[in-house]
Every structure is written in C-alpha cells, then in structure tokens.
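> Coordinates only, no sequence provided:
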C-alpha cells in the first residue's frame with residue numbers, strides 16, 4: 001500500500017472559534033427541532049454542549065423580547081444549579097447582548113419540589 005492510501009488516526013486541534021461555531025450550530029439546530037415540534041421534546045445533548053444556553057435560546061425563540069409577566073421554571077436535580085444558571089446567564093449576556101435573568105421571570109425549583117405541586 002502506498003502511504004497516501006493509509007489514513008492515520010490524526011486528530012485536528014480545533015480553534016476556540018471553531019469550537020464555538022460548532023456548539024452554536026448544535027444548539028441552534030436542537031432548538032429549531034424543538035420549536036418545529038410545537039415546543040415539545042427533550043434535548044439529548046452531550047456534557048458541555050451548552051444545554052443551559054439552549055434553555056436561554058429557547059426562551060428568546062418563543063419570546064424574542066422577553067416576558068417578565070409569566071414565570072419560567074428552571075427545574076433541576078438540586079437548587080444548587082441556580083448558581084450555575086446565573087453564571088451562565090452572565091456569559092450568555094456577554095456573548096448575545098441579552099441577559100435572560102433580566103428579560104424573564106425565571107423561578108428555580110428542584111424536581112422534587114415541582115413533583116409535590118398540585
């Protein structure tokens with residue numbers, strides 16, 4: 001076999017810009033699929049794909065100018081995630097010029113708390 005026919009297992013190192021572009025497209029495609037399914041569905045994305053950013057993008061897809069009149073619930077396994085979401089909201093604001101914590105009335109609850117509501 002000639003060397004040109006051998007494919008070696010080389011990994012290309014991506015630049016930060018390329019990584020951001022890939023993640024942004026993945027997030028946008030996921031939100032578009034969810035939106036086109038009447039806003040029904042679950043995002044099944046890998047760790048680090050930006051599921052919290054998807055949450056923010058979904059809010060702005062449904063309410064482009066924000067909505068402070070309605071409660072938006074962010075439910076997670078623990079209320080400690082609220083801190084993470086607040087940090088991510090600040091990052092989102094720096095990137096997109098919109099802060100979801102300022103534009104939406106986001107309420108934080110755990111799955112256990114919401115499960116008890118009737």
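Structure received. Note that this is a predicted model, so its numbers are computed, not measured.
> make it CA atoms for all contacts and neighbour counts henceforth
Will do.
> so what's the spatially most central residue of the chain closest to, chain neighbours aside?
Central residue of the chain (CA atoms, centre = their mean): residue 54, 2.3 Å from the mean position. If the residues on either side of it in the chain are set aside, residue 54 comes closest to residue 27, at 5.7 Å by CA to CA, 6 or more residues apart in numbering.
> Determine how far whichever strand or helix holds that neighbour lies from the middle of the whole chain.
According to DSSP states H and E, residue 27 maps onto helix 16-36. Between the centre of helix 16-36 and the centre of its host chain there is 9 Å, according to CA atoms, centre = their mean, to the nearest Å.
> buried stuff in it?
Under the neighbour-count criterion of 16 or more other CA atoms under 10 Å, helix 16-36 has 24, 26-28, 30-31, 34 buried.
> hang on, residue 68 in a helix?
No - assessed with DSSP: H, G, I helix; E, B strand; the rest coil, residue 68 is strand; it does not lie in a helix.
> I figured it was touching residue 100, is that so?
No - applying CA atoms under 8 Å, one finds residue 68 not in contact with residue 100, separated by 10.1 Å.
> With neighbour numbers in mind, choose between these two.
Neighbours were counted for residue 68 and for residue 100 using other CA atoms under 10 Å; residue 100 has more, 23 against 13.
> List the residues that contact that one.
56, 66, 89, 93 (CA atoms under 8 Å, 6 or more residues apart in numbering).
> got it, and residue 67?
Here residue 67 is in contact with 103-105 (CA under 8 Å, 6+ apart).
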